[in-house]
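Colleague: coords below, sequence missing:
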């Protein structure tokens, strides 16, 4: 059917607020959000200078954060530990400690609110290694794949035993999803989900995150031998397909904004939830624009979150999650 002006005026439906509401194609809800939290030792919150408004939360404060999230309708918290320097080592053995910050944080939340909220836990060695890499190094400084996978399996089992609902391998080692899934099944954790960081890029947007987990200045070299080349899209589809075949329940694209095309391709191609991680650099950019008067923080945030949904994301990990949930009403 041919359409033409003036019989068709697309502005008609945009003329009033009630009409815009009627024809809106994508809607945001607090249940679309996952709220990442940083955990630290101590008794008080520690502001992260490069993430204005974000703090490292002591174990004693996690219960309040969980209750706040529940009140806002946010269904899941993602935890990341700031491991003390004296607990870091070349082999990252602290990751398997059942009393490490991550496991203690899981228990603090579950003791306070039980299953009223989900807990997603990061599986990677970089918060525990003295060299800042996500895996174990050989003599030449190359991250060994299979030895790292063995360590990740133990880390995932440790988190599952502490009560994690979703383990989220962010390391980008080959084969780790299948190994973790098999181990979870054999160890009696069949209902623990895996959200795979399936398309995680070697990005310049992670700087403030590394500040928050205490790895800034520790990293020797870069992570380009395992994180993805920002120029590649088809490779991301191969990574996602492999993780799904190995047992992932959901997948993630990280970062978010620079990779909306990857989110769209994944949502179109694969029949399972696809999440986007609105990373620390993206958070910092919004806050910098707002602080300089170049844009309104709330308007910028909601526009970006809507863009993720329009691209096909099932949900978004965002440090702005509590702010966004309040804006959603």
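Modeller: That came in fine, so what should we check first? Worth saying up front: this structure is predicted, and the values here are computed from it rather than measured.
Colleague: and residue 168, its phi and psi?
Modeller: Main-chain torsions, residue 168, degrees, to the nearest 10: phi -130, psi 90.
Colleague: which stretches in the stretch 151-300 of the chain count as helices?
Modeller: With helices called from DSSP state H, counting those that start in this stretch, the stretch 151-300 of the chain shows them at 176-186, 207-212, 234-246, 260-269, 280-292, 297-311.
Colleague: angle of the longest one against helix 280-292?
Modeller: Spelled out, that is helix 297-311. Counting by axes from the mean of the first three to the mean of the last three CA atoms, to 10 degrees, helix 297-311 lies at 150 degrees to helix 280-292.
Colleague: identify the residues contacting helix 297-311?
Modeller: With CB atoms under 8 Å, 6 or more residues apart in numbering as the test, helix 297-311 has contacts from 25-28, 32, 256-257, 260-261, 263-264, 267, 276, 278, 282, 286-287, 289-290, 316, 318, 320, 323-324, 327. (Each C-beta comes from the backbone N, C-alpha and C, glycine too.)
Colleague: buried sites along that helix?
Modeller: 300, 301, 302, 304, 305, 307, 308, 309, 311 (16 or more other CB atoms under 10 Å).
Colleague: could you spell out the sheet neighbours of the very next helix or strand once past it, each with its direction?
Modeller: Note on helix 297-311: by DSSP states H and E, the next helix or strand toward the C-terminus is strand 315-318. Strand pairing for strand 315-318, determined by DSSP bridges: strand 33-40 (parallel), strand 274-278 (parallel).
Colleague: A strand includes residue 122, no?
Modeller: Yes - judged by DSSP: H, G, I helix; E, B strand; the rest coil, residue 122 forms part of a strand.
Colleague: any idea what it is bridged to?
Modeller: residue 168.
Colleague: when you give positions from now on, start the count at 34
Modeller: Got it, first residue is 34 now, which makes that one residue 155.
Colleague: burial measure for it, as a count.
Modeller: 23 (other CB atoms under 10 Å).
Colleague: again, but for the one 3 residues further on
Modeller: As a burial measure, the neighbour count of residue 158 was computed by other CB under 10 Å and equals 26.
Colleague: give me the neighbour count for the nearest residue to it once chain neighbours are set aside.
Modeller: In this structure, residue 158 finds its nearest non-sequential neighbour in residue 125, 3.8 Å apart by CB to CB, 6 or more residues apart in numbering. Using other CB under 10 Å, residue 125 has 26 other residues around it.
Colleague: just the pLDDT for residue 125.
Modeller: pLDDT for residue 125: 97.
Colleague: please apply the same query to residue 151.
Modeller: As predicted, residue 151 sits at a pLDDT of 98.
Colleague: for it, which non-adjacent residue is spatially closest?
Modeller: residue 109 (3.8 Å).
Colleague: who's the one you found bridged to?
Modeller: Partner residues in beta bridges with residue 109, using DSSP bridges, are residue 67, residue 151.
Colleague: that one reaches residue 150, doesn't it?
Modeller: Yes - counting by CB atoms under 8 Å, residue 109 does reach residue 150; the two are 6.5 Å apart.
Colleague: before we move on, the earlier item: could I get the buried residues of helix 330-344 as JSON lines with distance to residue 36?
Modeller: Below are the buried residues of helix 330-344 laid out as JSON lines (distance: CB to CB, whole Å):
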{"residue": "333", "distance to residue 36": "34"}
{"residue": "334", "distance to residue 36": "35"}
{"residue": "335", "distance to residue 36": "31"}
{"residue": "337", "distance to residue 36": "31"}
{"residue": "338", "distance to residue 36": "31"}
{"residue": "340", "distance to residue 36": "27"}
{"residue": "341", "distance to residue 36": "30"}
{"residue": "342", "distance to residue 36": "27"}
{"residue": "344", "distance to residue 36": "26"}
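Colleague: which among the residues you listed gets closest to residue 183?
Modeller: residue 341 (34.5 Å; CB to CB).
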